[in-house]
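# need a structure here:
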Amino acid sequence: MLNGEANMAKHIGIVACSAEGAALCYRTICGEAPELMGEHRHPEVTMHTFPLADYMVPIRKGDWRAVADLMLASCKKVVGAGAQFVICPDNTIHEAFDMVAAESPVSWLHIASAVLREADRQGYRALGILGTRYLMEGSVYSDYAARAGLGCVIPREPARQRINQIIFDELVYGVFHEESRLYFNQVMDEMKERGADAAVLGCTEIPLLVRPDDAPLPVLDSTRLLARAALRESLR
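Residues are numbered from 1 along each chain as shown. Below you'll find the model as predicted:
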């Protein structure tokens, strides 16, 4: 890409929620862009996040309107800094996505859309969903998968509780235990037995724990897939 074309790349806004996943998304954009744009080049990126604690209060209440309001407030900040479209490297709060998209001053990319596009490309038909219990029990992936003619498999109740605990007590703090990694593999084994042919790493911190070369199922890394979708959109 010529320098002039690189300078015309659209400014990416990141509305973040939890730090580790947002940081991985940002690093992926900046780390993979030079292959497309030239040495040391990446699109302009502006990120804003309220404290995770501010999100957890309405999430625990199921108050997705309040979650949407936080996301929109972040959106206004990044748009004010020049962002031309927005991504959110957090799967759970996409439960509020429709409200956000309807009221946003700029367009957003949906994380599940990026994941399901890759699932379709690779021919997967039944996706095991891993993430917070709000995500696993919610509609973020099930709705998009149904529209695409794909099935979803979620862990059984005890596993959903344990995965949720690992995410909020360990992963969001940047703590990655081997015992927890092996537990995710165990859950993927069980979902495989129930028909899943791939696993969605649907908490943006999970890719920092799970090793694709050791996982019982092929994995769909929602964090990096969203980052790559943002790069494509920026250079479109």
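# Residue ranges of each domain in this protein, please.
The chain resolves into domains spanning 3-110+225-235, 112-221 when parsed by automatic domain parsing.
# Switch the ones you listed over to JSON lines; also include mean neighbour count.
C-beta coordinates here come from the backbone N, C-alpha and C atoms, glycine included. Below are the domains of the chain laid out as JSON lines (neighbours: other Cβ atoms under 10 Å):
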{"stretch": "domain 3-110+225-235", "mean neighbour count": "19"}
{"stretch": "domain 112-221", "mean neighbour count": "19"}
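# Pipe the ones you listed into a markdown table and attach mean pLDDT per row.
Converted to a markdown table, the domains of the chain look like this (pLDDT from 0 to 100):
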| stretch | mean pLDDT |
| --- | --- |
| domain 3-110+225-235 | 96 |
| domain 112-221 | 97 |
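# list the helices and strands the longest helix along the chain packs on?
Criterion DSSP state H: the longest helix present in the chain is helix 19-37. Helix 19-37 makes packing contacts with strand 12-16, strand 45-49, helix 222-235 when contacts are defined by 3 or more Cβ pairs under 8 Å, 6 or more residues apart in numbering; DSSP states H and E.
# Gly131: which of these is closest?
helix 222-235 (8.3 Å; Cβ to Cβ).
# Measure how the closest one sits relative to strand 12-16, angle-wise.
150 degrees (axes from the mean of the first three to the mean of the last three Cα atoms, to 10 degrees).
# Which elements pack onto helix 222-235?
Applying 3+ Cβ pairs under 8 Å, 6+ apart, we find helix 222-235 packed against strand 12-16, helix 19-37, strand 85-87, helix 111-122, strand 198-201.
# hmm, back to that, what's the longest helix of the chain in contact with?
1, 6, 9, 12, 14, 16, 40-43, 45, 47, 49, 52, 87, 89-90, 171-174, 203-205, 207-208, 223-224, 226-228, 230-231, 235 (Cβ atoms under 8 Å, 6 or more residues apart in numbering).
# still on that earlier bit, may I see the helices and strands packed on helix 222-235 organised as a markdown table, with distance to Gly128 added?
Formatted as a markdown table, the helices and strands packed on helix 222-235 follow (distance: least, Cβ to Cβ, whole Å):
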| stretch | distance to Gly128 |
| --- | --- |
| strand 12-16 | 26 |
| helix 19-37 | 19 |
| strand 85-87 | 24 |
| helix 111-122 | 11 |
| strand 198-201 | 4 |
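# wait, which of the ones you listed is closest to Cys152?
The nearest among the helices and strands packed on helix 222-235, by Cβ to Cβ, is strand 198-201 at 8.4 Å.
# Quick check: closest non-adjacent residue to Ala196.
Spatially, and ignoring its direct neighbours in sequence, Ala196 is nearest to Gly128 (3.6 Å; Cβ to Cβ, 6 or more residues apart in numbering).
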